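In: what follows is a predicted protein model with its sequence.
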Amino acid sequence: MKALVYTGPDDLELRDAETPVASPGEQLIKIDRVGICGSDMHAYLGHDERRPAPLILGHEAAGVIVGGPREGERVTVNPLVTNPESWACQEGRDNLCPDRQIISMPPREGAFAEYLAMPETNLITVPDHASLDHAALAEPLACGWHAVRLAKRALHDGGENTRALVLGGGAIGLGAALSLIAQGLSDVTLLEPNAPRRAAIAASAEFPLIDLPDLDQAGFFDLVIDGVGFKATRATASAHAKPGGVIMHIGLGQNTGGLDIRRMTLQEITFIGTYTYTAQDFSDTAQAIFDGRLGALDWTQTRPLSDGAGAITDIQAGTVAATKILLDPTAKEIKPQ
């Protein structure tokens, strides 16, 4: 099979790789769409020691089962493989499983490839009316869905009268904003400093979008969701969370800096880190996609798998208005010039 392989910092190569073989309890999937995530970009830049080269990246995937009684069934892939006997899985918090694995991190290769083998329990059937473009968004959208579910539990009124601010219009932040609305929180504002992306989202958004200068007039928010995770965004979250409010931290841009611990302590602001999603969150997110509760999901751009490196370069340069780039392993290969 063809696979896009991370071979070292700033280098992805389209190579021939062995087609995976499904073990008992697994299915072989022909990948139709796979999204580029921020974690893929961190690895590409050599900033993720958990993802050593050579490695097939990519974990936001949807495709079609090949072989067996489920031949031809369209599925979206939950990339987290867990141990159901662990304490976390027994408590329904499988995203915290101490034995968890995720595709695109050893020992599991990722989905920037034509084929992927996954446990049957990690596959959600995609109904006929839903596109695989949308189904491939289940993974990033589930991160926001999980964060909103935890936030509602932490808010003093359960989120009933919550004024929410989401930082970042990438797939994580946008997914959080859409999840807020889908879960019944209607007063949502999204902050996105990139003008082309802000305009692209605003074309179909059901909530206001603002730029950084607009925050001066925005006041405080009961809930701030940081979908970026940089020092600057944590500082913004610290400054604009209402006394007694909640900060949900999803993004993993930088490890340290930005939090105003003194203000958070004196004003009793709750800070909660959120990691991925549970299997139930993933299933609930997929169902919300299929039901249309997460909107039109018309903020993607599709490119051939062979253009993966070029897509990452364009994302880094800030020249992509689309919130998410999806790679298509079935598309015609782009030859280097």
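Out: Structure received.
In: where does residue 312 fall, secondary structure wise?
Out: Following DSSP states H and E, the helix or strand that holds residue 312 is helix 308-317.
In: tell me the domain ranges of this structure?
Out: Domain ranges of the chain: 2-137+297-328, 142-273, per automatic domain parsing.
In: just put those domains in TSV and tack on mean neighbour count and distance to residue 285.
Out: Every residue, glycine included, has its C-beta placed from N, CA and C. Below are the domains of the chain laid out as TSV (neighbours: other Cβ atoms under 10 Å; distance: least, Cβ to Cβ, whole Å):
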stretch	mean neighbour count	distance to residue 285
domain 2-137+297-328	19	9
domain 142-273	19	4
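In: Throw the ones you listed into TSV and include mean pLDDT and distance to residue 280, thanks.
Out: Output for those, formatted as TSV (pLDDT from 0 to 100; distance: least, Cβ to Cβ, whole Å):
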stretch	mean pLDDT	distance to residue 280
domain 2-137+297-328	96	7
domain 142-273	96	9
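In: wait, residue 172 sits on residue 249?
Out: No: assessed by Cβ atoms under 8 Å, residue 172 is found out of contact with residue 249, at 10.9 Å.
In: hmm, back to that, elements contacting the helix holding residue 312?
Out: Where contact means 3 or more Cβ pairs under 8 Å, 6 or more residues apart in numbering; DSSP states H and E, helix 308-317 is packed against strand 11-16, helix 38-44, strand 324-328.
In: who touches stretch 235-243?
Out: The contact list for stretch 235-243 (Cβ atoms under 8 Å, 6 or more residues apart in numbering) reads 163, 165, 167, 191, 215, 218-224, 226, 247, 249, 257-260, 263-264, 267-269.
In: restricted to strands, list these.
Out: Counting by DSSP state E, those place 163, 165, 167, 191, 221, 222, 223, 224, 226, 247, 249 in strands.
In: identify the residues contacting residue 16.
Out: So residue 16 contacts 1, 2, 3 (Cβ under 8 Å, 6+ apart).
In: could I get the full set of helices for the stretch 1-150 of the chain?
Out: Assigned by DSSP state H, counting those that start in this stretch, the stretch 1-150 of the chain shows helices spanning 38-44, 87-90, 132-135, 138-154.
In: with the stretch 151-300 of the chain instead?
Out: 171-182, 195-202, 231-240, 261-266, 279-291.
In: and residue 321, which of these is closest to it?
Out: Nearest to residue 321, of all the helices of the stretch 151-300 of the chain, is helix 195-202, at 4.0 Å by Cβ to Cβ.
In: rewinding a little: okay if I get the ones in strands among the contacts of stretch 235-243 as JSON lines plus distance to residue 125?
Out: As requested, the ones in strands among the contacts of stretch 235-243 are exported to JSON lines (distance: Cβ to Cβ, whole Å):
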{"residue": "163", "distance to residue 125": "37"}
{"residue": "165", "distance to residue 125": "35"}
{"residue": "167", "distance to residue 125": "34"}
{"residue": "191", "distance to residue 125": "36"}
{"residue": "221", "distance to residue 125": "38"}
{"residue": "222", "distance to residue 125": "37"}
{"residue": "223", "distance to residue 125": "33"}
{"residue": "224", "distance to residue 125": "36"}
{"residue": "226", "distance to residue 125": "33"}
{"residue": "247", "distance to residue 125": "36"}
{"residue": "249", "distance to residue 125": "32"}
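In: per-residue confidence at residue 335?
Out: Note on residue 335: pLDDT of 50.
In: which residues touch residue 309?
Out: Per Cβ under 8 Å, 6+ apart, neighbours of residue 309: 4, 11, 12, 44.
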